[in-house]
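> Predicted model and sequence follow; I will ask about them next.
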Amino acid sequence: MNPFLDSTDVVDDGAEIHRRVERDGYLFIRGLLPVDLLERLRMQILEIAWEAGWVKAGTPLADAVADLNSFCVEPESAYMDVYARMYALPEFHALQHHPNLIGLFERMLGEPVIAHPRFIGRTIFPQKEAYTTPPHQDFIPIQGTAETYTAWIPLSDIPVELGGLQVASGSHRQGVYEFRPSMGAGGLEVVDPLEGTWVSNPFAQSDVLIFHSMMVHKGLPNRSDRLRMSMDGRYQKIGNPIAPGSLEPHSQPNRWENIYADWPSEELQYYWHQWDLEVKEYDFGYLEKRDQMAFEMAAQGDQGARSALQRVIARDLDADKRKQAEELLARLDTAQGAV
């Protein structure tokens, strides 16, 4: 596999980074964020993980050795309850507003940008390869404008054994790919293998990977014994449309007033209210297609439907649909237990 094209040396050249992201769909920048800032946030998150039993007792907290007895994934309540505590940290949300990030996007896009309020944190348990994030496109959950960019920010060094992220260079130019339900974050995967396009390399703490919302990307399996933690920030021009979900917290069902309750400052609270944003309604067609396919797969005993069913149960507003998903997931659980 080829490594990322390193764009660190042109990070201050707005025209060149725009040319590269238009051509390749991504930018890999070394040392964009301060190590000390990331390490403080990592340790705050690890303190919460330790209290939840995610960190193995008797090991140094900084080593982030996972207790696999506490394994859980989004959107299970065992995961989301802990994640909600992490999500309430003001330092968690401040990270995406760092001037090195905002400045890069404004140089690249040539206009003022907004960081989506829906900032996302990921904590990936090791040795659970089936739950590795499959190849997908961020546009399906984000929407608004396709000209939205993700900044993937690892909170620690990411050597090969800890996994990381791969992108399919140039895949952002083909629109929305065909997909099917799959295990892992998002509950779906792109069908096209995109052979010969994948690029990746290890990350150092402070490196950032930026990519277009249509870019196909996937996680690499965490084969270490440690928790892997990263953040996903989304950025776009202020003048482009934004979907309503991007203005809501990621840690549903929490509301902003609950998240802000113990913040010492109001500086970053409801910051997006300063702009008259064009809010574009969300097209649920993609997720409805995923869910129908997942129901059909689950009825045939296909465990690959599990993550999609969990998302229906946790987030769908249709009570009948949630009930159907619960029944199908129970059947999958029974079948899995019988193996």
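Looks like it came in fine.

> Spatially central residue for the protein, please.
Asp232 (4.9 Å; Cα atoms, centre = their mean).

> residues in contact with that residue?
Contact analysis of Asp232 by Cβ atoms under 8 Å, 6 or more residues apart in numbering lists Phe119, Ile120, Gly121, Arg122, Thr150, Ala151, Trp152, Ile153. Backbone N, C-alpha and C define where each C-beta goes, glycine included.

> And the pLDDT at the residue nearest to the second one when sequence neighbours are not counted?
I take that to be Ile120. Using Cβ to Cβ, 6 or more residues apart in numbering and skipping the chain neighbours, the partner closest in space to Ile120 is Asp232 (4.1 Å). pLDDT for Asp232: 97.

> ok, now Trp256?
96.

> now do the one 4 residues further on
Among the per-residue scores, Tyr260 shows a pLDDT of 96.

> again with Gln252
Gln252 is given a pLDDT of 65.

> Could you break the chain into its assigned domains?
8-281, 284-339 (automatic domain parsing).

> ok, Ser265 touching Glu91?
No - counting by Cβ atoms under 8 Å, Ser265 stays clear of Glu91, with 11.3 Å between them.

> Mind checking which of the contacts of Asp232 are in strands?
Using DSSP state E, the subset of the contacts of Asp232 located in strands is Ile120, Gly121, Arg122, Thr150, Ala151, Trp152, Ile153.

> Secondary structure class of the closest residue to the third one other than its chain neighbours, three-state.
In space, Arg122 comes closest to Ser230 once its chain neighbours are excluded; the distance is 5.0 Å by Cβ to Cβ, 6+ apart. Secondary structure for Ser230, judged by DSSP: H, G, I helix; E, B strand; the rest coil, is strand.

> how far away is Ser230 from Trp275?
Applying Cβ to Cβ, to the nearest Å, the value for Ser230 to Trp275 is 28 Å.

> Compare the two (neighbour count), which wins?
Ser230 (21 against 12; other Cβ atoms under 10 Å).

> wait, what's in contact with that one?
Ser230 is in contact with Gly121, Arg122, Ile124, Trp152, Ile153, Pro154, Leu155, Ile158, Leu165, counting by Cβ under 8 Å, 6+ apart.

> Does it have any beta-bridge partners, and if so which?
Arg122, Pro154 (DSSP bridges).

> Check which helix or strand Tyr282 maps to.
Per DSSP states H and E, Tyr282 falls between elements, in no helix or strand.

> If we ignore the residues flanking it in sequence, what's nearest it?
Ala243 (4.9 Å).

> same check, this time on Gln166
Distances taken as Cβ to Cβ, 6+ apart put Ser200 closest to Gln166, at 4.1 Å, once the chain neighbours are dropped.

> tally of neighbours for that neighbour?
A count of neighbours around Ser200, defined by other Cβ under 10 Å, yields 20.

> isn't it right next to Ala168, touching?
No - Ser200 is not in contact with Ala168 according to Cβ under 8 Å; the separation is 10.2 Å.

> State the distance from Leu332 to Met229.
Separation of Leu332 from Met229 (Cβ to Cβ): 29 Å.

> Between these two, which is the more surrounded one?
Legend: neighbour count by other Cβ under 10 Å for Leu332 and Met229, higher for Met229 (23 against 19).

> Quickly find the element holding Glu22.
Assessed by DSSP H and E, Glu22 sits inside helix 14-24.

> and that helix, which residues are buried?
Within helix 14-24, the residues that qualify as buried are Gly14, Ile17, Arg20, Val21, Asp24, counting by 16 or more other Cβ atoms under 10 Å.
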